[in-house]
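1. got a structure for you, letters missing:
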């Protein structure tokens with residue numbers, strides 16, 4: 001596994017722990033639709049299906065807010081539509097969150113942004 005994958009996996013694990021501690025339940029991780037996109041985490045919070053993009057960094061060279069461009073958002077939204085269709089989860093409200101995991105200071109700093117982007 002490359003260092004980038006290790007950093008990403010660690011960030012996703014920390015994000016799952018953080019969200020679970022705040023009442024979210026993991027539905028699946030790394031949901032991939034070839035030629036469409038991938039969703040890092042799909043969580044459930046009450047009657048809301050939460051699609052989470054996790055961004056993990058050891059350095060703050062690029063501010064986190066620039067790490068999920070609109071093109072990436074469109075891919076996540078399209079992938080979420082496949083998930084809802086495949087799982088017949090039409091009764092759920094779908095929300096798109098971003099979790100930033102900053103590992104540059106030693107102890108992880110986690111920032112959760114609900115409703116980070118919309119359809």
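-> Sure, I can see it. Predicted model, so just to flag it, every value in this text is computed and none were measured.

2. Tell me which stretches of the chain form strands.
-> In the chain, the strands defined using DSSP state E lie at 25-33, 37-45, 48-57, 93-102, 109-117.

3. can you put those strands in JSON lines and add mean pLDDT and distance to residue 70?
-> To be clear about C-beta, it is placed using only N, CA and C from the backbone, and glycine gets the same treatment. Listed next are these as JSON lines, based on pLDDT from 0 to 100; distance: least, CB to CB, whole Å:
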{"stretch": "strand 25-33", "mean pLDDT": "98", "distance to residue 70": "19"}
{"stretch": "strand 37-45", "mean pLDDT": "98", "distance to residue 70": "13"}
{"stretch": "strand 48-57", "mean pLDDT": "95", "distance to residue 70": "13"}
{"stretch": "strand 93-102", "mean pLDDT": "95", "distance to residue 70": "12"}
{"stretch": "strand 109-117", "mean pLDDT": "94", "distance to residue 70": "8"}
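
4. Out of those strands, which gets nearest to residue 71?
-> strand 37-45 (9.9 Å; CB to CB).

5. Direction included, what does the closest one pair against?
-> With DSSP bridges as the test, strand 37-45 is paired with strand 25-33 (antiparallel), strand 48-57 (antiparallel).

6. returning to what we had before: out of the strands of the chain, deepest packed?
-> strand 48-57 (a mean of 22; mean count of other CB atoms under 10 Å).

7. was I right about residue 78 contacting residue 37?
-> Yes: contact criterion CB atoms under 8 Å: residue 78 and residue 37 qualify, at 5.9 Å.

8. How about the closest residue to residue 57 other than its chain neighbours: which residues does it bridge to?
-> The spatial neighbour of residue 57 that comes closest, neighbours along the chain excluded (CB to CB, 6 or more residues apart in numbering), is residue 102 at 6.0 Å. Taking DSSP bridges as the rule, residue 102 bridges to residue 57, residue 109.

9. Residue 102 against residue 67, yeah?
-> No: with contact defined as CB under 8 Å, residue 102 does not reach residue 67; the gap is 11.5 Å.
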